[in-house]
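Novice: Pasting a predicted model and its sequence here:
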Amino acid sequence: MCKKPYYITTAIAYTSGKPHIGNSYEIVLTDAIARFRRMQGYDVFFLTGTDEHGQKIEDKARDAGITPKEFVDGVASQIKGICDLLNTTYDKFIRTTDDYHEEAVQKIFQKLYDQGDIYKSEYEGFYCKPCESFWTETQAVDGKCPDCGRDVEKAREEAYFLKLSKYQKQLEEYIENNPDFIYPESRKKEMLNNFIKPGIQDLCVSRTSFKWGVPVPFDSKHVIYVWIDALSNYITALGYQPDKQSELYEKYWPANVHIVGKDIVRFHTIYWPIMLMALGQPLPQKVYGHPWLLVGADKMSKSRGNVIYADQLVELFGVDAVRYYLLAEMPHASDGSLTFENVIERYNTDLANTIGNLVNRTIAMVNKYFGGTIPCNTCSGDFDDELKATAVNTVPAVTKYFDEFRIADAVSEVIALARRSNKYIDETMPWALAKDEAQKDRLSTVLYNLIESIRFIALLLKPFMPETTDKIMAQLNCDISDFSTLSSFGALPEGHTVSTASPLFERIDTVKMMERIEEMYKQEEPEQPKIPGLAPIGIEDFAKVELTAVKIVDCTPVKRAKKLLCLTVDDGSGTPRTIASGIAKWYKPEELIGRTVICVTNLKPAVLCGVESNGMILAADCAEDDVKVLFIDGVPAGSKIR
Ligand code: MSP
C-alpha cells in the first residue's frame, strides 16, 4: 500500500550563536510528532536547518576576525550536532547558504519582480551617518542611534518591497475557510486582531546596508532581506524552483504543519502564505505556534546569565530524560518552565519510580517465578479487564492528543498506563500468588498481562524516549513493535521468554545532583564573558606580547563599519600608527583624542573593513554590553608595559 506523505518542518535557527535549550525544544517537539506519524504509517519528511544570512552574522564574523561563511559553518555544525545529540530524526538539514537554496531564492525574487509583486521604492527611516545605518521609528531611541547614541536624521533608502497589501483579502478568506490553519486559537486571534485586520503593510525585502545575503539578481547593490530568503527554505529544500519540476516537491508540498515559536507566527501566517499565493503555490495546512520555554519564570538570555544548553542537560540526565522533560512539561498554548529541581522531581517520579520500577520488578518476577518464560495466559481474574481497557484506550487518547499538538497530555496518558500497571501489581499481589501452587496459572496470566501492558507502554514511549523504548523491548525480548498490534490487547504469544532485568533509570539524589549542577555552572562562569576559558600559560608566553603605552592623536568613524573607530596613535617611535578598534558603540571620537591607552604593538597587521590595523588597544568587558577602554593618562607614549 502506498503510504500517505506527511511533511513537517521546524523553524530554521539563526546561526548567530549556540542555540539554548529553548531553541532545542522545538526540534525535540517536532521529532516526537514526526516519530509518531511514522509509527502510524505515514511517509514522513522532516525538515530542519539553519538561517544563515543577515547583518548580525556579518557583524559577528567581523568581530571574530573571520569571514561570514567561516562563522556560519562553525555555528551550523554546532546546531546540527545538538539535533543529533537529542536523537532527532530529521530527513534533511537545510542551510540557507546552500547553493541550490540561494539559486532558488533568486529565481523566486525575480519571478515576483517580473510579475509586479515586488517593486522598487524607498524605505523611510532614521539614518545614523557615522554608522551608515537605517533605523525605524521604533528602533531609534529618542531620536538617537541605538548603536552609537548619536543623533539620527530622517532619510530615505532605496529598497524593494513585496506587495503584501494586494493579497490582504485573499489571506483573510483563506483563514476564514481554513479555520485550522493558524493554531492554537489564541494565536489565530492575535494574528487577525493585531496584524491582519488593521491592514497589512507592504514588506521591505532588500537592503543595501550590508552584504551578507543572497544578492538581488538584477540589482547587485541589494541583498534579499531575511524573510523571503528564510521562509523559502520550506520549498527549496524539496527542490522547488519556479521554473522546474521536482519529485519531492510534488510528493510532499503543501506541508502538513510548520512548527514555529510564538514569536514568528506572524511571518508564517502572513508573509509566507502571501508569498505562496503570489507564486501560485498551495498553502501549508497548518502553522502551530508553540509557546516558549522559560527558566523558572524568566526568559532565557545571556545578559540574565540564565542560559541552559542541551548538551549540559544531557550530560547531567541523559538524552531520553531531557526529551521527556521538555515534552512532558511544556503546555501546548502557554509558556512552560524549566528548573533543575523540577527536572529531578520528574525524573525520580515518572521515570525511576513509575516506568523504571514497573519494568524492573515485572521482568524480575517472570524470571524468579517462571525462569523467564510465561507459561500461559488462560486464567483471568479481577482487575484484568480494567488494565486491558486502559492499555487499549491509551492508544486513541495518545493519537487524539498528537492530532491536537497536546504533546504533554499524550505523555501523561502513557504515564497513567504505567501507574495503572503498577497498581495492578499491588492489587493482584503476584508474590502472594507465588506461594500457592494452585495459583500458578493465575500468576502466569497476571505476569502475561503486565508484560503485554509494558509492551504497550514501550511502543507508545517511542516518540518521546526512543532509547528507552529500545531498552525496554530488549528486556522484554520482544520484536512485536508494529503500531497496529496495539489495536487490541494480547499480541504477545503465550510461552514468551523475557530477557534479564536491569534498571532503566537510577533514582537521582537531589542534594548530590544540585551540587554537581552548581559545580558545572561554576566551571562555566569564566566562559560566560566573550573571552573563552583559556589554558594556563607560562611567563615566557606572556612575554611574547608587546604592550606599549600609546597616545591617541586622532580618531574617526570607519565608513563601512559602524562598530569600528580608526585611531591614529603616537607609540613613541616618531611614526604614527593606525589602529582599527571595535569600540564605536561605547566611545565617541572626541572622548578618545588626547588619551593614553595600552596597545598590543606586535600584533600582525590586519585589514578590517578597508582599514589596515597595526595593533589592538585593551579594553575590559564590564558587562555583556558594556566595554571600558583602559586609560593610562600620564604614562609617556612609547613606555613598555610588562
Ligand atoms: N531564523 C528565524 C526563523 C526563520 S523560519 C523561516 C528564527 N530563528 S531563532 O533561532 O531565533 O529561533 C528558532 C526557533 O526557536 C523559533 O521558532 C523560536 O520561536 C524558537 N525559540 C526561541 N527561543 C525559544 C524558547 N525559549 N522556547 C521555545 N522556543 C524558542 O526565529
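Specialist: Nice, thanks for sending it over. Numbering: from 1, shown residues only.

Novice: same question for stretch 360-377, mean pLDDT?
Specialist: For stretch 360-377, mean pLDDT rounds to 96.

Novice: Show me what counts as buried in it.
Specialist: Asn360, Arg361, Thr362, Ile363, Met365, Val366, Asn367, Tyr369, Phe370, Ile374, Pro375, Asn377 (16 or more other CB atoms under 10 Å). Backbone N, C-alpha and C define where each C-beta goes, glycine included.

Novice: same deal with stretch 486-497?
Specialist: Neighbour counts over stretch 486-497 (16+ other CB under 10 Å) mark Leu486, Phe489, Leu492, His496 as buried.

Novice: So for it, first residue to last residue, what's the gap.
Specialist: 20 Å (CA to CA, to the nearest Å).

Novice: Please identify the residues of the chain in proximity to the ligand?
Specialist: 11-14, 22-23, 25-26, 51, 230-231, 233, 260-261, 263-264, 292-293, 300 (CB under 6 Å from any ligand atom).

Novice: are any of those residues buried, and which?
Specialist: 11-14, 22-23, 25-26, 51, 230-231, 233, 260-261, 264, 292-293, 300.

Novice: Now do the contacts for Ser639.
Specialist: Residues near Ser639 by CB atoms under 8 Å, 6 or more residues apart in numbering: Thr548, Ala549, Gly572.

Novice: Of those residues, which belong to strands?
Specialist: Thr548, Ala549 (DSSP state E).

Novice: Including neighbour count, distance to Phe317 and pLDDT, could the contacts of Ser639 go into JSON lines?
Specialist: Below are the contacts of Ser639 laid out as JSON lines (neighbours: other CB atoms under 10 Å; distance: CB to CB, whole Å; pLDDT from 0 to 100):
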{"residue": "Thr548", "neighbour count": "22", "distance to Phe317": "51", "pLDDT": "95"}
{"residue": "Ala549", "neighbour count": "23", "distance to Phe317": "52", "pLDDT": "96"}
{"residue": "Gly572", "neighbour count": "17", "distance to Phe317": "58", "pLDDT": "92"}
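
Novice: The ligand: which of the contacts of Ser639 is nearest?
Specialist: Thr548 (42.1 Å; CB to the nearest ligand atom).

Novice: Now do the contacts for that closest one.
Specialist: Applying CB under 8 Å, 6+ apart, we find Thr548 in contact with Asp571, Gly572, Ile598, Cys599, Thr601, Gly638, Ser639, Lys640, Ile641.

Novice: so where's the stretch 51-200 of the chain uncertain?
Specialist: Applying pLDDT under 70 to the stretch 51-200 of the chain flags residues 130-133.

Novice: how about the helices of it, start to end?
Specialist: 55-64, 68-85, 99-114, 168-177, 185-190 (DSSP state H, counting those that start in this stretch).

Novice: any chance of the ones you listed in TSV, plus mean neighbour count?
Specialist: Output for these, formatted as TSV (neighbours: other CB atoms under 10 Å):
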stretch	mean neighbour count
helix 55-64	18
helix 68-85	18
helix 99-114	19
helix 168-177	14
helix 185-190	16
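
Novice: got those as a markdown table, with distance to Lys585 columns?
Specialist: Output for the helices of the stretch 51-200 of the chain, formatted as a markdown table (distance: least, CB to CB, whole Å):
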| stretch | distance to Lys585 |
| --- | --- |
| helix 55-64 | 11 |
| helix 68-85 | 19 |
| helix 99-114 | 31 |
| helix 168-177 | 39 |
| helix 185-190 | 34 |
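
Novice: returning to what we had before: now, which of the residues of the chain next to the ligand lie within strands?
Specialist: Reading strands off the residues of the chain next to the ligand with DSSP E, I get Ala13, Tyr14, Asp51, Val260, Gly261, Leu293.

Novice: check contacts around the third one.
Specialist: So the one you mean is Asp51. Applying CB under 8 Å, 6+ apart to Asp51 gives the contacts Ala11, Ile12, Ala13, Tyr14, Thr15, Thr96, Val226, Asp229, Ala230, Asn233.

Novice: Wait, the third one touches Asn23, no?
Specialist: To tie it back to what came earlier, the one meant is Ala13. Yes: between Ala13 and Asn23 there is a contact at 5.6 Å, judged by CB atoms under 8 Å.
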